[in-house]
Each structure stands twice: as C-alpha cells, then as structure tokens.
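Undergrad: Sequence isn't available, so here's the structure alone:
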C-alpha cells in the first residue's frame, strides 16, 4: 500500500513538473504587465486580456503559422517516402561483408553530433542554391536531419514483417517494388503513422535551422516568432506567452488527436504471434 502511494505521489509531482510550464505560459499570455511582474506571483489572471494575441496578429502571425504548417507537413511527407525506402533496403538486402552494419551506423551517426556544427556549411550551401529565406530550404534541411530518424524507426518495423509474405507475392508475379507497396507497406502503416507524427513534431518545434536559414516572415516559423519577443531593450513576456501558447496548442491538439495511432505504431511488432 505504501509503495502504491509513493508511486502516485511521484507520478503526480512528475505531471506537475511537465504541465506547470505549459499552464504558466498560457496564463502569462492573458495577464497585464502589472500582473506578470507581481510579487507574489499571480497564478490566474485577474482580468484576462486578449491584447497580446491582437498584437501578434499585427506582427504577421498568420504568415508564421502558415509557414510552420507547410514546412512540417512537407518535411514529414518527404522524410517518410525517402526514409521508408531506405529502411526497407536495409531490412531486406545485405551488402557484402559488414557494409550493411556500417551503412546503418553511418546513417545513425548523423544524429549523434549537435546540429550547430553543420550550420555554417549548410548556410553556405543554401546561399549558393538561392534557398536562403525560403520554405523549400527549410524543408530540405529538415528532411536531411529527420531522414536518419525515419530510417531507424522504419527499419525496425520492416524487420518484423515476415519475408515469406513478399516471396509469395513475387511467386504470384509481383515485382519486388510491387510486393513492397502492396504487401509490406500496408502491414507497417501503424509504424509509418507513428514515425510521421514524431517527424511533424520535430519539424514544428525546430528553432536553430529556422533561425539561420530564414530572415523574414515570408518563410520564418513560429519558434522564430517566439524568440523575436526578446528585443534589444526588454523581453515582451506577454507577447512571448501568447506566441508560445499558439506554438504549443496545435501540437498538443494534434498529439491528443492521433494518440491511438501513436500507441499502436510504437507497440507494433512488440508481440509476436
């Protein structure tokens, strides 16, 4: 009984640590400047105001939101297509010697070093291609860094699919590619959905590349809007709370909406019949 109480207390404290920053950000977005700097702190705004959101609208909020949606969805689609094909190849075909393991490790190694080390060459490449301050440049950069994650996620799903099913399809006259699309892909759809969800979230919240590769609201995403509330002379806490709320809410709604697909995808292959 004591152990159960301790577990509930630990879980409650953990939930509080996770939820409180989200609550405080949302609460701050509706406070006046006096309430934001009040001592002791005010948890709930006494007279909620929506002026912060109105101010963000004048900053071009709709443009930032549109850019985030386009970049996140396009990155997820391209990463899933490229990563799924690469993952299938690693799961089904063996290179001579130890090259399969080496290629797999090389793909994984791109996730081991901090992205900051690639900023200068990436910016130079994008400037050479004329893709600085474009949504296409962001999609290319995000796809390059999300694809290894997709490959390693999808490779595990394809390994769980029996090869016999594809071989039967090829005996019936299907080509390798036809067997891949008609047999393997439908079986790993839960995994594809789960991987796509993670990819969308990673692209939605990415800040570093968006900061380096974009310059105007024409292509900047919501994380840039949040950071722009830190000015040379002050921090606009109210506007930052509003922009942070607008950045968080779509992800939270999206995560809760697709939760069942995420759980199903992450548990795919965990139990073998």
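TA: Received the coordinates, thanks. The structure presented is a predicted model; accordingly, all values stated were derived computationally and were not measured.
Undergrad: Which other helices and strands does the helix ranked longest in the chain contact?
TA: Identified as the longest helix of the chain according to DSSP state H is helix 61-92. Helices and strands touching helix 61-92, as assessed by 3 or more C-beta pairs under 8 Å, 6 or more residues apart in numbering; DSSP states H and E, comprise helix 99-109, helix 135-159, helix 189-205, helix 222-227, helix 237-257. C-beta: built from backbone N, CA, C; applies to glycine.
Undergrad: can you pull the buried residues of stretch 11-30?
TA: Neighbour-count burial for stretch 11-30 flags 25, 26, 27, 28, 29, 30 (criterion: 16 or more other C-beta atoms under 10 Å).
Undergrad: Could you report the distance from the first one to residue 239?
TA: Between residue 25 and residue 239 the computed distance is 12 Å (C-beta to C-beta, to the nearest Å).
Undergrad: Now for residue 67: which residues touch it?
TA: By C-beta atoms under 8 Å, 6 or more residues apart in numbering, the residues touching residue 67 are 135, 217, 218, 219, 220, 221, 222.
Undergrad: One more: residue 212?
TA: Contacts of residue 212 were listed using C-beta under 8 Å, 6+ apart, and they are 119, 122, 123.
Undergrad: In the protein, what helix or strand scores lowest on average pLDDT?
TA: Taking mean pLDDT, DSSP states H and E as the measure, helix 259-266 is the helix or strand of the chain with the lowest mean score, a mean of 62.
Undergrad: If I take the longest helix of the chain and helix 99-109, what angle do their directions form?
TA: 160 degrees (axes from the mean of the first three to the mean of the last three C-alpha atoms, to 10 degrees).
Undergrad: Could you list the buried residues of helix 61-92?
TA: Within helix 61-92, the residues that count as buried by 16+ other C-beta under 10 Å are 61, 63-65, 67-68, 70-76, 78-80, 82-84, 86-92.
Undergrad: tell me the angle of it relative to helix 189-205?
TA: Relative orientation of helix 61-92 with respect to helix 189-205: 140 degrees, computed using the same axes, to 10 degrees.
Undergrad: tilt between helix 61-92 and helix 237-257?
TA: Counting by the same axes, to 10 degrees, helix 61-92 lies at 40 degrees to helix 237-257.
Undergrad: Distance from the chain centre to helix 61-92, please.
TA: Counting by C-alpha atoms, centre = their mean, to the nearest Å, helix 61-92 is centred 10 Å from the centre of its parent chain.
Undergrad: Also stretch 128-137?
TA: With C-alpha atoms, centre = their mean as the basis, the distance from the averaged C-alpha position of stretch 128-137 to the chain average is 21 Å.
Undergrad: Report the mean confidence score over that stretch.
TA: Here stretch 128-137 scores 92 as its mean pLDDT.
Undergrad: quick one: contacts of it?
TA: Surrounding stretch 128-137, the residues in contact under the criterion C-beta under 8 Å, 6+ apart are 67, 70-71, 74, 123, 126, 140, 213-216, 218-219.
Undergrad: Stretch 165-181 now?
TA: 88, 92, 182, 183, 184, 187.
Undergrad: so is the spatially closest residue to residue 31 that is not a sequence neighbour in a helix, a strand, or just coil?
TA: Here the nearest residue to residue 31 in space, its sequence neighbours aside, is residue 45; by C-beta to C-beta, 6 or more residues apart in numbering that works out to 4.5 Å. Following DSSP: H, G, I helix; E, B strand; the rest coil, we place residue 45 in the coil state.
Undergrad: Could you pull up the residues touching residue 45?
TA: Here residue 45 is in contact with 27, 30, 31, 32, 35 (C-beta under 8 Å, 6+ apart).
Undergrad: Now residue 7: which helix or strand?
TA: Residue 7 is part of helix 2-29 when elements are defined by DSSP states H and E.
Undergrad: Next, the angle helix 237-257 makes with that helix.
TA: Orientation check (the same axes, to 10 degrees): helix 2-29 against helix 237-257 gives 130 degrees.
Undergrad: so what does helix 2-29 touch, helix or strand wise?
TA: With contacts defined as 3+ C-beta pairs under 8 Å, 6+ apart, the secondary structure elements packing on helix 2-29 are helix 237-257.
Undergrad: How far off centre is the helix it packs on?
TA: Counting by C-alpha atoms, centre = their mean, helix 237-257 comes out at 14 Å from the chain centroid.
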